[in-house]
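# My questions concern the predicted model and sequence given below.
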Amino acid sequence: MDTRTSILVAAAELLAASPVSDVSTRAVCEAAGVGAPTLYRHFGDKEGLLSAVVDYGFEQYLAGKRAAKASADPVKDLRDGWDSHVAFAVRNPAFYRLMHSPAVTTPPDAAAEALRLLTEVLERCAAAGRLRVPPPIAAQMVMSANVGFALMLLTQPDSYDAATSTRVRDAIHAAILADAPVTANGPAAAATQLAALLPESTSDSLSAAETAVLREWLARLA
């Protein structure tokens, strides 16, 4: 582990153990075994250090998400994504608490990427005819539930376990997923599927204006 990472890990562990979610740079230096000049050379000041700790946590999380290979079954990938999210939180409790701390008033760009990667999986579910609601809405539902459960698991481990995670996951997925392709689930689900299958850009069949109108109609139906 290099010096910069050692400082980040030390800061995360101290912050996670702090009852007021705060820590001094002196304590971080002592825990990491470095002098204050080294810390300030890497991070500038305390605010820069805390921001870097959050960024580092998200980068560790995203490394697994980026490496995940899509299977032929997007619903399975969605389930696996929930489970890997919870597993990351359990393996990295200090970083995870910081990543989703109320003190982080400006989410890093990595948080938006995490939501985008989830949305891409849900778009595949929609294209397969398995999504009841538009992918962006479904992504917000899944992410908020996933983060909420993971935090409860970390703060109250005696009350929550893997079985609870599965039950919460399946309940959320039941609310957004169709049991069968959308042909059996009404116009709203069919509109969601068609919207997912539309090309990102205009085609030879539709102009830009026509594509925009079609997307608006499908969004209303969904």
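Arrived safely. Please read these numbers as outputs of a predicted model, since none were measured by experiment.
# what pLDDT does Ala178 get?
For Ala178, the pLDDT comes out at 86.
# meant to ask about Gly64
90.
# Leu50 now?
Looking at Leu50, the pLDDT reads 86.
# Check the one 4 residues further on too.
We note a pLDDT of 88 for Val54 in this prediction.
# pretty sure it contacts His100?
No - between Val54 and His100 there is no contact under Cβ atoms under 8 Å: 9.4 Å. Where C-beta positions appear, they are placed from N, C-alpha and C, glycine not excepted.
# So between those two, which is more surrounded?
With neighbours defined as other Cβ atoms under 10 Å, Val54 and His100 compare such that Val54 has more, 23 against 18.
# Doesn't that one lie inside a helix?
Yes - the assignment for Val54 (DSSP: H, G, I helix; E, B strand; the rest coil) places it in a helix.
# How much space separates it from Ile176?
28 Å (Cβ to Cβ, to the nearest Å).
# Show me where the chain has its helices.
All helices of the chain, identified by DSSP state H, fall at 3-17, 25-32, 36-43, 46-67, 74-91, 93-99, 109-127, 135-155, 162-176, 186-197, 208-221.
# Need the winner for burial among those helices.
Across the helices of the chain, the average number of neighbours (mean count of other Cβ atoms under 10 Å) peaks for helix 93-99, which reaches a mean of 23.
# elements contacting that one?
Applying 3 or more Cβ pairs under 8 Å, 6 or more residues apart in numbering; DSSP states H and E, one finds that helix 93-99 contacts helix 3-17, helix 46-67, helix 135-155.
# For Thr38, which of those helices is the nearest?
For Thr38, the closest of the helices and strands packed on helix 93-99 is helix 3-17, at 6.5 Å, according to Cβ to Cβ.
# Could you tell me the angle between that closest one and helix 46-67?
Put simply, helix 3-17 runs at 100 degrees to helix 46-67, going by axes from the mean of the first three to the mean of the last three Cα atoms, to 10 degrees.
# Which secondary structure elements does helix 3-17 sit against?
With 3+ Cβ pairs under 8 Å, 6+ apart as the test, helix 3-17 has helix 25-32, helix 36-43, helix 46-67, helix 93-99 packed against it.
# just to revisit the earlier point, would you mind saying which of the helices and strands packed on helix 93-99 lies nearest Asp73?
Between the helices and strands packed on helix 93-99, helix 135-155 lies closest to Asp73; by Cβ to Cβ that is 16.6 Å.
# Mind listing residues that contact that closest one?
For helix 135-155, the external contacting residues (Cβ atoms under 8 Å, 6 or more residues apart in numbering) are 78, 82, 85-86, 89-90, 93, 96-97, 100, 114-115, 118-119, 122-123, 125-126, 131-133, 159-161, 164-165, 168-169, 172-173, 175-176, 192, 196.
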